[in-house]
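Colleague: sharing a model prediction with you, sequence too.
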Amino acid sequence: MVFRTLDTLEARGKRVLVRADLNVPMHDGVITDATRIERVAPTINELAGKGARVVVLSHFDRPKGKVVLGMSLRPIAEKLGEILGKPVGFVPECVGPTVEAAVAALNDGEVLVLENTRFHAGEEANDPEFAKAIAQNGDIFVNDAFSAAHRAHASTEGVAHDLPSFAGRLMQAELSALSAALENPERPVGAIIGGSKISTKLDLIGNVIAKVDTLFITGAMANTFLAAEGMNVGKSLQEADMHETARKIAHLAQEKGCEIILPVDAVVAREFKAGAETETCLIGEVPADAMILDAGPRTVALINERLATLKTLVWNGPLGAFEIEPFDRATVEVAQEAARLTQEGKLRTVAGGGDTVSALRHAGVAGQMSYVSTAGGAFLEWLEGKILPGIEVLRTTGHQLGLD
């Protein structure tokens, strides 16, 4: 990857447009999880500390090109000020004369948040004129929103054609972590891929098996692979129409030299609810009226034993229905072992995806992994090997400018 970082940015006195992802969970006007705000704070603080006049851009929710008062960034700007520990201005627009006046009034080191970019239809349409209108309020563009980089929108991709562009610290950390996990990993490298359906992760699996040495297929997705091998999985969730696909994936993995490891035992129950009566059985001995809801202890032991042989681990998807006890046990135990190996310096762990982040937090180890991405869709598309427009424009403009 070729892109400029803040290390080479002379920011004093410059109007720096920072594309952040401030699309945080909110309930009744109250932010319920400020993680994304906290993660972009270091970039904003660094720029302000260098004397930049920082102008923050972000979307929030899906107003579909219209002004929706309940989707304003005003309360998020207030929270950003709390996290930064300094006053943060807010303008109820993101382009136009009001914005121009507010930006012109900024002093070195001050921070201003502009209104939701998606209040304009030109944002999601990546309208070049709207991108230019945004760019008029900046001298430099800093993209620190990896989580929005899979969208070719005006504030993520378009504006980078109009201004000198740099990666923020969060973007830099994300790209470095993902590159170290899949593009240039320390081997052996493994991946834990879970989820409910193969059909939603075909591209991901296809990309990963060409890059890792060991693939642990877990969760309900594993049931389809097991059933494709002729194993009885009872009433477990599985995709009968994907059996042939599962066999093709297994064959392709063998050709690529990637070993696929499936569960060897399971925790089953007749009903899916907290505190349900469970039993543990070997795969192939699942009762006809039961469903697999978690990996069993032998599977956990197998995975943990193999983790000790790896140098790099990519994780996307839990091992079972971790949201409900006792079906969280396998996910928690494997997560804790991966965290232990990480803390001992024996394993680099890069994890991401909504369920995965929740599972690691549930296990109490999210802060003990090498890197946990909160990027959601962008993280998954990266694992799938897709081009992310917000990243590609940083790379290509870098080439055009002869950067290294």
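Modeller: Happy to help now that I have it.

Colleague: need the pLDDT of Arg53.
Modeller: Here, the pLDDT recorded for Arg53 equals 98.

Colleague: verify the stated contact: it with Asn107.
Modeller: Yes. Applying C-beta atoms under 8 Å, one finds Arg53 in contact with Asn107, separated by 7.1 Å. Any C-beta I mention is one placed from the backbone N, CA and C, and that applies to glycine too.

Colleague: who's more crowded, these two?
Modeller: Ranked by neighbour count (other C-beta atoms under 10 Å), Arg53 and Asn107 place Arg53 first, with 25 against 8.

Colleague: skipping adjacent residues, who's closest to that one in space?
Modeller: Spatial nearest neighbour of Arg53, excluding adjacent residues (C-beta to C-beta, 6 or more residues apart in numbering): Leu106 at 4.0 Å.

Colleague: assess the claim that Val111 and Glu46 are in contact.
Modeller: No. With contacts counted by C-beta under 8 Å, Val111 stays clear of Glu46, the gap being 11.8 Å.

Colleague: between the two, tell me which one has more neighbours.
Modeller: Val111 (25 against 17).

Colleague: so how far is Gly13 from that one?
Modeller: 15 Å (C-beta to C-beta, to the nearest Å).

Colleague: ditto for Arg39
Modeller: 27 Å.

Colleague: model confidence over the particular helix or strand that has Phe216 in it, on average?
Modeller: Here Phe216, judged by DSSP states H and E, is contained in strand 214-217. Mean per-residue pLDDT for strand 214-217: 97.

Colleague: could you do stretch 306-326 as well?
Modeller: 94.

Colleague: any idea how far it is from the middle of the chain?
Modeller: 16 Å (C-alpha atoms, centre = their mean, to the nearest Å).

Colleague: tell me which residues are up against the strand holding Phe216.
Modeller: Surrounding strand 214-217, the residues in contact under the criterion C-beta atoms under 8 Å, 6 or more residues apart in numbering are 188-194, 205, 208-209, 225, 253, 258-262, 303, 306, 310.

Colleague: ends of stretch 173-185, how far apart?
Modeller: 15 Å (C-alpha to C-alpha, to the nearest Å).

Colleague: isn't Glu174 up against Phe146?
Modeller: Yes. The criterion here is C-beta under 8 Å, and Glu174 meets it with Phe146 at 4.2 Å.

Colleague: between those two, what contacts are shared?
Modeller: In contact with both Glu174 and Phe146: 373, 375, using C-beta under 8 Å, 6+ apart.

Colleague: average pLDDT for the helix or strand harbouring His243, rounded please.
Modeller: Using DSSP H and E, His243 sits within helix 243-256. Mean pLDDT, helix 243-256: 94.

Colleague: from the contacts of strand 214-217, list the buried ones, please.
Modeller: 189-194, 205, 208-209, 225, 253, 258-262, 303, 306, 310 (16 or more other C-beta atoms under 10 Å).

Colleague: so which of these sit within helices?
Modeller: Those of the buried ones among the contacts of strand 214-217 mapping onto helices are 205, 208, 225, 253, 303, 306, per DSSP state H.

Colleague: pick out whichever of these sits closest to Ala363.
Modeller: Ile303 (13.9 Å; C-beta to C-beta).

Colleague: now stretch 114-128: buried residues?
Modeller: So stretch 114-128, judged by 16+ other C-beta under 10 Å, has buried residues 114-120, 122-124, 126-127.

Colleague: please disregard the earlier target; I meant stretch 16-34.
Modeller: 16-24, 26, 31, 34.

Colleague: now swap in stretch 311-331 and tell me
Modeller: 312-322, 324, 326-331.

Colleague: again, but for stretch 370-381
Modeller: So for stretch 370-381, counting by 16+ other C-beta under 10 Å, buried means 370-376, 378-381.

Colleague: got these as a markdown table, with distance to Thr214 and secondary structure columns?
Modeller: Converted to a markdown table, the buried residues of stretch 370-381 look like this (distance: C-beta to C-beta, whole Å; DSSP: H, G, I helix; E, B strand; the rest coil):
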| residue | distance to Thr214 | secondary structure |
| --- | --- | --- |
| Ser370 | 18 | coil |
| Tyr371 | 20 | strand |
| Val372 | 21 | strand |
| Ser373 | 21 | strand |
| Thr374 | 26 | coil |
| Ala375 | 24 | coil |
| Gly376 | 25 | coil |
| Ala378 | 25 | helix |
| Phe379 | 20 | helix |
| Leu380 | 20 | helix |
| Glu381 | 23 | helix |
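
Colleague: for these, which one is nearest Ser155?
Modeller: Ala378 (14.7 Å).

Colleague: show me what contacts the closest one?
Modeller: 146-150, 388.

Colleague: mind pulling up the pLDDT for it?
Modeller: For Ala378, the model assigns a pLDDT of 87.

Colleague: gap between it and Thr299?
Modeller: 30 Å.

Colleague: mind listing the helices for the stretch 1-150 of the chain?
Modeller: Taking DSSP state H, counting those that start in this stretch, the helices of the stretch 1-150 of the chain run over residues 35-49, 74-84, 97-104, 121-124, 128-135.

Colleague: swap that for the stretch 301-404 of the chain, sorry
Modeller: Using DSSP H, counting those that start in this stretch, helices in the stretch 301-404 of the chain cover 329-343, 354-362, 377-383, 389-400.

Colleague: what residues sit buried inside stretch 196-208?
Modeller: Buried-residue list, stretch 196-208, by 16+ other C-beta under 10 Å: 196, 198, 201, 204-208.

Colleague: repeat for stretch 149-167
Modeller: So for stretch 149-167, counting by 16+ other C-beta under 10 Å, buried means 149-163, 165-167.
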